[in-house]
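Colleague: just the structure for this:
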Amino acid sequence: MVKIGVILGSTRTKALGEKIFKYLKSNIQVRDVEFNWLDLKDYPLPLYDHPQTPLEDEITDLNSAEASWLNDLDQQDGYVILTPEYDRAITGVLKNALDFVGPQVNRKPVHVVAYSHFSDGGIVAAASIVPILQMLNMIVLPSPALLWDADKNFATDGKLITGAENSDHFEQRLKSVFDEIGFYTQVLAENPYQG
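Modeller: Model prediction:
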């Protein structure tokens, strides 16, 4: 069984992402996959201020939140990252969390889900995270899921609002995202790159 970490890339109070995160926790299942729910609120990371460059050298003097974040990432075989779009980019808290990352995610697959209460569905955030993930040597799946005007679709308790415009599409799109990341994670875990 492979492990996939689902990362909520926002710590905003009463965030739209929390609703989507709750929906996924309650509704997503993929055969032979264990999902681990990594909410950045559970990792109160300071701004990155270590002398090491994580892609080159192991970070020393990690505090408990930093060590926990990197250990939890290291335990996963693949990832899904949920990100809102803030000012045409990913959130600062998500970028800072990724700044700590080095070999923990090397050559592991990742799928991006971007969301917005605007009509663009977070497309620029989805595009802006790709070079970051590639720099971390991750295998980025090619078609991010975009959830536009998503406030109308997810209730506070994480339920998908039946009958809301796009709810049927979002349900199917999210299912396909998790089926796809499950497939690639299993393939790569069974056939690790030996170069």
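
Colleague: drop to CA atoms for contacts and neighbour counts, all remaining ones
Modeller: OK.

Colleague: enumerate the helices of this protein by residue range, in sequence order.
Modeller: Using DSSP state H, the helices of the chain run over residues 16-27, 64-74, 92-99, 123-135, 167-190.

Colleague: what sits against the spatially most central residue of the chain?
Modeller: Centre of the chain computed as the mean C-alpha position; nearest residue by CA atoms, centre = their mean is Ile81, 1.2 Å away. Shown in contact with Ile81 (CA atoms under 8 Å, 6 or more residues apart in numbering): Val6, Ile7, Leu8, Gly9, Val110, His111, Val112, Val113.

Colleague: beta partners for His111?
Modeller: According to DSSP bridges, the partner residues bridging His111 are Val80.

Colleague: pretty sure it contacts Pro144?
Modeller: Yes. Using CA atoms under 8 Å, His111 and Pro144 qualify as a contacting pair, with a distance of 6.5 Å.

Colleague: higher neighbour count, the two?
Modeller: For His111 and Pro144, the more surrounded residue by other CA atoms under 10 Å is His111, and the numbers stand at 23 against 20.

Colleague: if I look at the more buried one, how far off is Phe154?
Modeller: Using CA to CA, to the nearest Å, one obtains 21 Å as the distance from His111 to Phe154.

Colleague: contact partners for Asp149?
Modeller: Shown in contact with Asp149 (CA under 8 Å, 6+ apart): Ser116, His117, Phe118, Ser119, Gly121.

Colleague: quick one: buried ones out of the residues you listed?
Modeller: Judged by neighbour count, with 16 or more other CA atoms under 10 Å as the criterion, the buried members of these are Ser116, His117, Gly121.

Colleague: correct me, but Trp37 touches Ile7?
Modeller: Yes. With contacts counted by CA under 8 Å, Trp37 reaches Ile7, the gap being 6.4 Å.

Colleague: more neighbours: which of the two?
Modeller: For Trp37 versus Ile7, neighbours defined as other CA under 10 Å are more numerous around Ile7 (21 against 17).

Colleague: pairing partners for the more buried one in the sheet, please.
Modeller: When bridges are called by DSSP bridges, Ile7 pairs up with Leu38, Ile81.

Colleague: can you read off the pLDDT for it?
Modeller: In the predicted model, Ile7 carries a pLDDT score of 98.

Colleague: give the contact list for the residue nearest to Tyr86 when sequence neighbours are not counted.
Modeller: Taking CA to CA, 6 or more residues apart in numbering, and ignoring the residues beside it in sequence, Tyr86 has Ala125 as its nearest neighbour in space, at 7.5 Å. By CA under 8 Å, 6+ apart, the contact set of Ala125 is Thr83, Pro84, Glu85, Tyr86, Arg88, Ala89, Ile90, Ala114.

Colleague: run the last query once more with 6 Å
Modeller: Residues touching Ala125, when contacts are defined by CA atoms under 6 Å, 6 or more residues apart in numbering, comprise Glu85, Arg88, Ala89, Ile90.

Colleague: among those residues, show me the least confident.
Modeller: Scoring the contacts of Ala125 by pLDDT puts Arg88 last, at 90.
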